[in-house]
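**Q** Give me coordinates for this.
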Amino acid sequence: MSFLKEFREFAVKGNVIDLAVGVIIGAAFGKIVDSLVSDIIMPLVGLIFGKLDFSNLYIVLGPRPSGVADTLVELKKAGAPVLAYGNFITVAVNFVILAFIIFLMVKQINRLRSLTEAPPPPAPAATPEDVMLLREIRDSLKR
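**A** Reported below is the predicted structural model:
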């Protein structure tokens, strides 16, 4: 089998196509969640904590460059070592929300699968005791 033919068979298998669709939808869904966190949730959290903008929370780890505005963007442009923990908080909240939504989706899918799957066949009825005794007698007579 030629390499190209083998690759074509691999690429058109259902699992590979399903994976590609999942990655594309996941990337788009990630952008939606990112927008939800940065544009809706974090401003509300900032409002609750006193008009705090998490994206501008940072600690300068060295001497501040002179003549540079005291903003995260300007300090990074000047090459100052900056610990931008506010951005980390935003990304962590983004991850928690995304993980929770995926958990809910998987839980719902599993619930729907259990509804569509056929119930397991019933266990065979237990053999009556008299039949068991007769089988024991039969087996002992064969010996």
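
**Q** And the strands in the protein?
**A** 59-60, 82-83 (DSSP state E).

**Q** next one: the first one to chain centre, how far?
**A** What that stands for is strand 59-60. Put simply, strand 59-60 sits 32 Å off its chain's centre (CA atoms, centre = their mean, to the nearest Å).

**Q** Output the contacting helices and strands for that strand.
**A** strand 82-83 (3 or more CB pairs under 8 Å, 6 or more residues apart in numbering; DSSP states H and E). Every C-beta, even on glycine, is put in place using the N, C-alpha and C of the backbone.

**Q** Name the strands paired with the strand it packs on and say parallel or antiparallel.
**A** Paired neighbours of strand 82-83 in the sheet (DSSP bridges): strand 59-60 (antiparallel).

**Q** what does the average pLDDT come to for the partner strand?
**A** For strand 59-60, mean pLDDT is 88.

**Q** Kindly report the same for stretch 134-143.
**A** 86.

**Q** picking up where we left off before, quick check: which of the strands of the chain is buried the most?
**A** Of all these, strand 82-83 carries the top mean neighbour count, a mean of 14, counting by mean count of other CB atoms under 10 Å.

**Q** Can you pull out the residues in contact with that one?
**A** Tyr58, Ile59, Val60, Leu61, Leu72, Leu75, Lys76 (CB atoms under 8 Å, 6 or more residues apart in numbering).

**Q** redo that, cut-off 10 Å
**A** With CB atoms under 10 Å, 6 or more residues apart in numbering as the test, strand 82-83 has contacts from Leu57, Tyr58, Ile59, Val60, Leu61, Gly62, Arg64, Leu72, Val73, Leu75, Lys76.

**Q** Kind regards, and thank you for your time.
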